[in-house]
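S.K.: got a predicted model here, sequence first, then my questions.
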Amino acid sequence: MSEDAPPLRPVTEWSPGWIRRRARNVYRRPLLVGGIAAACFIVIVVALVTTAGTASGGAGAESAESALVPAIWPAALIVGIVVGLAVAFALEVRDPRVADAAEAEAAAECAALVLLASGERTPERRRRADREVPPLVELASDGFRLLHTQLADRSFQLQLVAVLGDSPVVTAVVAANLAAAVARQVRTTLLVDADFETHSLATITRKPQEPGLANVISGEADWASAVRSVVVDRDRTMDVLPGGSFGRMPSGRDRMLGAADAGLAEVLERVSRRYECVVVSMPISRRGTIPIPVSARLPAVVCVRVGRTRVLGLAELMAALRTHGAVARGLVVWEREDPLVGGGGQGNSPGA
């Protein structure tokens, strides 16, 4: 964001609709509520049993504890659940998460292009060619086909687009499936990974992370030698340029990002001459920085995870895009569970 821009602050409305959204997000975080409730339950039971044993003293302590535990545990459990819900709600109010597509559109001041829900089933992979497709690249998805249609021009062309998001895995999955949808339309497609921290795209496509984009920018490799081919359908492939690493670059994260910022536009200009469509996956850094390609003023699609993306974080990202002159094409609302990576099986599919 620009240094002159005033810091954004979360909006607390306390309207019935706003409260319902916060309660819905609390319901989506059962592990948090359960963990707090269990901790409170244990603390209450231990404290009461210890107090009763100390007060009884001597030989009557053991009998007092055995008689007290069955009587207090239901009450302790109820108190723990109430405390867990209260703490989770307070955390949600303090830093709200996006509850639905409407709230995402309001925070981003941008339209939602597609809603990716968990109800869509992934067809079984029976053919050999289907089994060669990475598990998180969906064979048939109306959602990603619709996303491609929304982004393409009247002649169904999509030359260059960047996919942003606060989750490296979700961002990479959306970018990979968008690129696959384009490649299935018999378009030469390149998927570029600008994630130099987690290399999520290399994991999803099951390709080595080096050499990659960082090696191309630093002059260690040519982009043509760093590209790998990935099967996306029968007789259909797309090329992938992994993130790579800055082996010969000066040490220091700021210098690394500065070099990547300076070299990215040149690399994209070169690959755009070879491919009909270039999709760039660029998750927001876990350290909170704005993605590198923002300053390249690429047309961008922003991934929003329902129940997990911060409302304030989304608003800050959209403000940074506008400040740097980037064009936000719209939002991809992710209403699924975060994908699992590393298993390599069909059960890892986000549509499962």
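M.R.: Noted; the coordinates are in hand. Numbering: from 1, shown residues only.

S.K.: Gly330 belongs to a strand, doesn't it?
M.R.: Yes: counting by DSSP: H, G, I helix; E, B strand; the rest coil, Gly330 is found in a strand.

S.K.: in stretch 234-245, what counts as buried?
M.R.: Along stretch 234-245, these residues count as buried under the neighbour rule (16 or more other C-beta atoms under 10 Å): 236-245. In short, each C-beta sits where N, CA and C put it, glycine included.

S.K.: and that stretch, end to end?
M.R.: End-to-end distance of stretch 234-245 (C-alpha to C-alpha, to the nearest Å): 32 Å.

S.K.: ok now the host helix or strand of Val170, how far from the chain's centre?
M.R.: According to DSSP states H and E, Val170 maps onto helix 168-183. Distance of helix 168-183 from its chain centroid, counting by C-alpha atoms, centre = their mean, to the nearest Å, is 12 Å.

S.K.: which is the succeeding secondary structure element to it?
M.R.: Proceeding N to C from helix 168-183, the next assigned helix or strand is strand 189-193, under DSSP H and E.

S.K.: show me what that next one packs onto, helices and strands only.
M.R.: Other elements packing on strand 189-193 under the criterion 3 or more C-beta pairs under 8 Å, 6 or more residues apart in numbering; DSSP states H and E are helix 168-183, helix 200-205, strand 236-241, helix 253-272, strand 277-283.

S.K.: again, only using 7 Å
M.R.: For strand 189-193, the packing partners by 3 or more C-beta pairs under 7 Å, 6 or more residues apart in numbering; DSSP states H and E come out as helix 168-183, helix 200-205, strand 236-241, strand 277-283.

S.K.: what are the contacting residues of the first one?
M.R.: By C-beta atoms under 7 Å, 6 or more residues apart in numbering, the surrounding residues in contact with helix 168-183 are 136-138, 141, 144-145, 147-148, 158, 163-165, 189, 191, 195, 198, 200-201, 204-205, 232, 236-238, 277, 279, 281, 283, 303, 305, 332, 334, 338-339, 341, 350.

S.K.: surely Ile284 touches Asp166?
M.R.: Yes: proximity of Ile284 to Asp166 meets the contact threshold set by C-beta atoms under 7 Å, at 5.2 Å.

S.K.: who is Val278 paired with across the strands?
M.R.: In this entry, Val278 is beta-bridged to Leu160, Leu190, by DSSP bridges.

S.K.: and it, how close does it get to Leu178?
M.R.: Going from Val278 to Leu178 by C-beta to C-beta, to the nearest Å gives 11 Å.

S.K.: is it true that Gln209 touches Arg228?
M.R.: No: Gln209 is beyond contact range of Arg228, at 10.4 Å (criterion: C-beta under 7 Å).

S.K.: compare the two (neighbour count), which wins?
M.R.: Here Gln209 and Arg228 are compared on neighbour count by other C-beta atoms under 10 Å; more neighbours surround Gln209, at 22 against 17.

S.K.: wait, what's in contact with the more buried one?
M.R.: Gln209 touches 199, 202, 242-244, counting by C-beta under 7 Å, 6+ apart.

S.K.: how about Ile81?
M.R.: By C-beta under 7 Å, 6+ apart, the contact list for Ile81 reads Ala37.

S.K.: what lies in contact with stretch 227-237?
M.R.: Outside stretch 227-237, the residues touching it (C-beta under 7 Å, 6+ apart) are 127, 129, 132-134, 137, 139, 180, 183-184, 205, 207, 238-241.

S.K.: gap between the two ends of it?
M.R.: Stretch 227-237 has an end-to-end distance of 12 Å (C-alpha to C-alpha).

S.K.: per-residue confidence averaged over it?
M.R.: For stretch 227-237, mean pLDDT rounds to 84.

S.K.: got the domain ranges for this protein?
M.R.: By the assignment in automatic domain parsing, the chain contains the domains 16-94, 101-348.

S.K.: other SSEs contacting the host helix or strand of Ala315?
M.R.: Following DSSP H and E, one finds Ala315 within helix 311-323. Packing partners of helix 311-323 (3+ C-beta pairs under 7 Å, 6+ apart): helix 101-108, strand 299-305.

S.K.: please save the CA atoms from stretch 143-156 in CSV.
M.R.: These are the backbone C-alpha positions of stretch 143-156, laid out as CSV (Å, rounded to 0.1, in the frame of the first residue of the first chain):
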residue,chain,number,x,y,z
GLY,A,143,-16.8,-23.2,-12.0
PHE,A,144,-13.5,-22.9,-13.7
ARG,A,145,-15.0,-23.0,-17.1
LEU,A,146,-17.3,-20.1,-16.1
LEU,A,147,-14.2,-18.2,-14.7
HIS,A,148,-12.5,-18.6,-18.0
THR,A,149,-15.6,-17.3,-19.8
GLN,A,150,-15.9,-14.3,-17.5
LEU,A,151,-12.3,-13.3,-18.0
ALA,A,152,-12.0,-13.9,-21.8
ASP,A,153,-12.8,-11.3,-24.4
ARG,A,154,-15.4,-11.6,-27.1
SER,A,155,-13.2,-13.8,-29.2
PHE,A,156,-12.6,-16.1,-26.2
